[in-house]
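In: kindly return the folded structure for what I paste below:
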Amino acid sequence: MTDPDRNDSFRERRTRPRTPVMSEYMMAFLFRGSPCYQLKLRDISETGAGVVVLPQSQILTLIATGQEVNIRLVTPRGSPFRAGGYRGRVTQINDITEGKYRGHKLVGIELVAEE
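Out: Just a heads-up that it's a prediction; the model follows:
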């Protein structure tokens, strides 16, 4: 959604709005023998979502592009998406080189199947 009161550099660039806003969602990564990593979801493309991770985070030692992982989606009340377990695929792990999260890593996630 475009907010006319916001600076042009922060305006929505998608041709289609995404509903509901993904920033209200959390994704928990579940690894056997490791702590649960719960991270806030971010919109990263017209059809994808991902999480922003600190470059020194241990989660980066547990994942790789193309890997399937167990995740738990935490949704806000009234969401059309089912909260709970999913199988996800890591689609990308990239450096963020500019903006608010410069110096962090962006991990793209594709939901493959509900569990």
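
In: all contacts plus neighbour counts: C-alpha atoms, from now on.
Out: Fine.

In: low pLDDT regions in this structure?
Out: 1-23, 44-48 (pLDDT under 70).

In: which neighbouring elements make contact with the longest strand seen in it?
Out: The residue-count maximum for a strand in the chain (DSSP state E) belongs to strand 84-95. Judged by 3 or more C-alpha pairs under 8 Å, 6 or more residues apart in numbering; DSSP states H and E, the packing partners of strand 84-95 are strand 68-74, strand 105-114.

In: give the pairing partners of it; include direction for each.
Out: strand 68-74 (antiparallel), strand 105-114 (antiparallel) (DSSP bridges).

In: show me the one of those strands that comes nearest I59.
Out: Shortest distance between I59 and the strands paired with strand 84-95, using C-alpha to C-alpha, is found for strand 105-114: 10.3 Å.

In: so how many other residues sit close to the residue lying closest to Q92 once chain neighbours are set aside?
Out: Using C-alpha to C-alpha, 6 or more residues apart in numbering and skipping the chain neighbours, the partner closest in space to Q92 is G108 (4.9 Å). Using other C-alpha atoms under 10 Å, G108 has 23 neighbouring residues.

In: make 551 the starting number, not 1.
Out: Got it, first residue is 551 now, which makes that one G658.
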